[in-house]
Structures are given as C-alpha cells and as structure tokens.
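Asks: structure, please.
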Amino acid sequence: MHRGPTVSGAVPVSTVDSPHRILLAEESRSDWMLASQVLAQAGYVVDEVADGRSAVEAAAVCRYDLILMDLAMPGLDAVEATRRIRRLPHPRGDVPILTMTGTSSAEDKDRCFAAGIDGFLSTATDRLDLLEAVSHWVEAADDPTWRLEACPGVTPPLVNRRTLVQLEEDVGSDQLPEILLTFLRESERRVSLLEARVSANDPQGAADQAHALKGSAGTFGAMAFRQIVHELEQAGRAGACERLAVLLPELRLVVAATRARLCADYPFLAP
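Replies: Modelled structure (predicted):
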C-alpha cells in the first residue's frame, strides 16, 4: 500500500510493476485502510490520498486504471474533483471513476454523471463485492466486451471513455460527430421498435431489436445501455413479457442518461 504519488508532500509511489493501479481518495482513515488492505491483498497497487484536491494532483502525474473516491470529502468533493480530472489530457483524464457513498439520491446521481463520474459503489459493500466491482471496472476498461451481467453493489458505467478515445483514433476527429449522431438516432429508432414489439406481445421480436441495440452499444462503449438491452434480450428469448414491460422504463432512463453523458463530453451532440 502506498500513500500516493509525489504531490503535496506525499511519499512517492513504489516502482513495483503491476498491471493495475488504483487511486483511493477517502477522508476516513479506517475506511481507506480496510479497502487498501483488501485491494492490495488481491494484487492491486493502491495509492491513497485523503481529499479531492490530492486526488486531482495524483491523477495528473500517474496513470491509473481506476479511481475510487468518497462522495463527500473536505475541500474538493468527488464531483468537483472528477470535473478537474476529466480536463486532464488523454489517457489520464479517461480513467474510470467510481464514487463511494452510503446513500445516493437521484439528484446526487445526476450531479455525478454530469461531472463525469461513471458509477457508484456502496460503502456497505463487503470484501468480496468490493473485489468483484473493482475487477469488473478494471477489466471492462481494458475490454469493453467483457461481462454483461449486473455486478453486485455497483452501478454500470454510462460510457467507457477508453472505447470512445479509441474510436476517435480509428475514425478521426472529423468523422466522429457524424458517427456518434448516427448511433444516437439509430438507438432511438430501435428503442421505439423494441417498445412496439413489447406492446404487440411479440417477445422474440423485442429480443431481436435488443440484440441489435446490444451490438451498437458495445461498439460505442455505452455499457449501462448494453447491459439493460442484454437483460431485455434474455427476457425476450425466454418469452417473459412481464419482465420486458418492467425493463422498458429503465431502458428509457438509461438511454436519456447516456445521451446526456455523451452530450456533456461532446458538445457538438447537444441539440
């Protein structure tokens, strides 16, 4: 375990070679000691800071695979710290960020998503769920096609920024606006078709539309979107019409949140 990079007088990080390095920003010493021990024993290199300002400074000088931040911290809270981290150049500004919180209202989640926070991890999460959530995010950042099932104790990310960065490198910044706009328009069209199939009591037709949505969502790193349509596809294949009807409102919320997240990251998408 380490006390963070050389920022604000902290002790320098170790030079231990590890495939995955995690930054933990937590005001409570007892909480970060426990989380650090669990993560270190699992083989992660963990850097620890006690506030949001130090988290921003650490992220600026070291590339992390994941940042875990307490939602409420002295000075800069997780929301403002995330805004500043997102302004850092690639790849440091593209790190997945989770906020740890005991409770989170809809308003809190909206503020977090708008700032660029990817998801939420309950402070009540036990050791195994913590490791499962961290593994989920670290592996998902490396491979956006990894794992579709819901992960206990953690909200799936709206957008995998590394996927979008790679997409921009592949197609060029000039082509990216048109491609992203096409993705959003096509998603809206297929969601409407999916809803129509559910209304028509056609679960297999709904599953076909969900399958098409799942592929495009994965291509664009829309991970929460991809997960919910995966669930819809499974329900459709099983003929579970009631489950489809239950999932549709959640799908609409995820679609709206994904659009808002992309519009915040790419202003050219905003109407």
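Asks: could you pull out the helices for the protein?
Replies: All helices of the chain, identified by DSSP state H, fall at 29-41, 52-61, 78-86, 106-115, 127-142, 161-171, 176-199, 203-219, 223-237, 241-265.
Asks: between these, which gets nearest to Leu121?
Replies: Closest approach to Leu121 among those is made by helix 127-142 (5.6 Å; Cβ to Cβ). Any C-beta I mention is one placed from the backbone N, CA and C, and that applies to glycine too.
Asks: Leu23 is nearest to which of the helices of the chain?
Replies: For those, proximity to Leu23 was assessed by Cβ to Cβ; helix 52-61 is nearest, at 5.5 Å.
Asks: and the average pLDDT for the closest one is what?
Replies: Mean pLDDT, computed over helix 52-61, is 94.
Asks: one more: stretch 119-135?
Replies: 74.
Asks: and the end-to-end length of it?
Replies: End-to-end distance for stretch 119-135: 14 Å, by Cα to Cα, to the nearest Å.
Asks: coming back round to it: would you list the helices of the chain in JSON lines and tack on mean neighbour count and distance to Arg92?
Replies: Putting the helices of the chain into JSON lines (neighbours: other Cβ atoms under 10 Å; distance: least, Cβ to Cβ, whole Å) gives the following:
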{"stretch": "helix 29-41", "mean neighbour count": "16", "distance to Arg92": "20"}
{"stretch": "helix 52-61", "mean neighbour count": "22", "distance to Arg92": "6"}
{"stretch": "helix 78-86", "mean neighbour count": "22", "distance to Arg92": "8"}
{"stretch": "helix 106-115", "mean neighbour count": "16", "distance to Arg92": "16"}
{"stretch": "helix 127-142", "mean neighbour count": "19", "distance to Arg92": "13"}
{"stretch": "helix 161-171", "mean neighbour count": "16", "distance to Arg92": "11"}
{"stretch": "helix 176-199", "mean neighbour count": "16", "distance to Arg92": "21"}
{"stretch": "helix 203-219", "mean neighbour count": "19", "distance to Arg92": "24"}
{"stretch": "helix 223-237", "mean neighbour count": "23", "distance to Arg92": "21"}
{"stretch": "helix 241-265", "mean neighbour count": "17", "distance to Arg92": "16"}
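Asks: adding distance to Leu98, write the ones you listed out as a markdown table.
Replies: Below are the helices of the chain laid out as a markdown table (distance: least, Cβ to Cβ, whole Å):
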| stretch | distance to Leu98 |
| --- | --- |
| helix 29-41 | 12 |
| helix 52-61 | 12 |
| helix 78-86 | 9 |
| helix 106-115 | 10 |
| helix 127-142 | 7 |
| helix 161-171 | 14 |
| helix 176-199 | 25 |
| helix 203-219 | 20 |
| helix 223-237 | 13 |
| helix 241-265 | 15 |
